[in-house]
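S.K.: Got a sequence here, can you build the structure:
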Amino acid sequence: MALHGKRYRELAKKVDKDRTYSVEEAAALVKELASAKFDETVEAHFRLGIDPRKSDQNVRGTVALPHGTGKTVRVLAITQGDGVGAAEAAGADFVGGTDIIERILGGWMDFDAVVATPDMMAAVGSKLGRVLGPRGLLPNPKAGTVGLDIGGIVRALKAGQIEFRADKTGVVHAPIGKASFSSAQIAENFAALRGAVEAAKPEAARGQYVKTIHVASTMGPSMRIALGATTEA
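M.R.: Below is the predicted model:
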């Protein structure tokens with residue numbers, strides 16, 4: 001049984017698996033190969049030289065993509081007092097305190113990102129940890145989603161800030177735009193993400209840090225990106 005359909009196999013023929021592509025070449029090619037009936041997301045995949053089983057080799061961070069992700073992010077702000085007005089003024093889609101925590105416990109999940117002020121984190125962590133944690137939505141200071149400046153956090157997410165983290169296999173998967181973006185926009189978003197991933201290298205990591213990088217659209221084949229200078233320990 002074929003792993004991919006005829007359409008995918010035809011597209012894959014346009015990718016030379018024996019070569020690496022510059023970011024500019026890949027950005028142009030990924031647009032050409034994104035032929036689905038919807039606006040496909042373009043993603044970058046970084047395979048890192050880390051041991052994800054060790055806590056001192058976790059890779060996690062945030063980056064503001066210069067052109068955003070092309071997706072409208074529904075932001076929920078969990079705050080109280082002055083934070084409510086600040087979050088609303090910054091464009092948060094939903095704002096609340098203990099009331100909205102109870103709403104989430106009741107099964108409501110119509111949001112894409114959750115941010116909070118520090119004074120709400122005890123309640124958020126104890127009540128929503130098991131609900132939001134597995135979905136990667138639990139606010140965390142390291143991810144830039146907890147802070148006193150709740151308005152600034154909301155604006156950053158609305159403007160295209162994303163969180164990235166290495167999975168259990170040591171790979172970072174992150175969106176860098178849509179197929180409808182220009183090649184230049186995709187390339188610039190990629191450059192921002194790559195810089196942030198490289199800056200997040202753990203001190204405990206040894207040897208070559210970035211092993212391979214691939215770029216692909218949702219339904220298209222991937223292409224390998226030329227590494228250029230590699231990061232050594």
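S.K.: what ranges do the helices span in the chain?
M.R.: 6-12, 23-33, 82-90, 98-105, 121-132, 150-159, 183-199 (DSSP state H).
S.K.: how big is the angle separating the fourth one from helix 121-132?
M.R.: I take that to be helix 98-105. 20 degrees (axes from the mean of the first three to the mean of the last three CA atoms, to 10 degrees).
S.K.: likewise the second one?
M.R.: Following the same axes, to 10 degrees, one obtains 50 degrees for the angle between helix 23-33 and helix 121-132.
S.K.: The helices of the chain into CSV, with extra columns for mean neighbour count and distance to Y209?
M.R.: Placement of C-beta: from N, CA and C, glycine included. Shown next, in CSV, are those (neighbours: other CB atoms under 10 Å; distance: least, CB to CB, whole Å):
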stretch, mean neighbour count, distance to Y209
helix 6-12, 13, 29
helix 23-33, 20, 18
helix 82-90, 18, 35
helix 98-105, 15, 37
helix 121-132, 14, 30
helix 150-159, 21, 26
helix 183-199, 19, 7
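S.K.: Dump those helices into CSV; add distance to H173 and mean pLDDT as well.
M.R.: Shown next, in CSV, are the helices of the chain (distance: least, CB to CB, whole Å; pLDDT from 0 to 100):
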stretch, distance to H173, mean pLDDT
helix 6-12, 19, 75
helix 23-33, 15, 92
helix 82-90, 28, 96
helix 98-105, 26, 96
helix 121-132, 19, 95
helix 150-159, 19, 94
helix 183-199, 11, 96
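S.K.: closest one to V115 among those helices?
M.R.: helix 150-159 (4.8 Å; CB to CB).
S.K.: which residues sit against that closest one?
M.R.: Residues from elsewhere that reach helix 150-159, judged by CB atoms under 8 Å, 6 or more residues apart in numbering: 62, 64, 68, 73, 75, 77, 79, 83, 86-87, 89-92, 113, 115-117, 144-147.
S.K.: returning to what we had before: among the helices of the chain, which comes closest to A174?
M.R.: helix 183-199 (5.7 Å).
S.K.: what's that closest one packed up against?
M.R.: Helices and strands touching helix 183-199, by 3 or more CB pairs under 8 Å, 6 or more residues apart in numbering; DSSP states H and E, are helix 23-33, strand 41-48, strand 60-64, strand 161-165, strand 171-178, strand 210-217.
S.K.: residues in contact with the residue nearest to G61 when sequence neighbours are not counted?
M.R.: Nearest residue to G61 in three dimensions, chain neighbours excluded: A200, at 4.3 Å (CB to CB, 6 or more residues apart in numbering). Listed by CB under 8 Å, 6+ apart, the contact set of A200 reads 59-61, 164.
S.K.: Go through the helices of the chain and name the closest to R53.
M.R.: helix 183-199 (19.3 Å).
S.K.: what's the angle between that closest one and strand 171-178?
M.R.: 150 degrees.
S.K.: which residues touch helix 183-199?
M.R.: 23-24, 27-28, 30-31, 42, 44, 46, 48, 59, 61-67, 162, 164, 172, 174, 176-177, 181, 209-210, 213, 215, 231.
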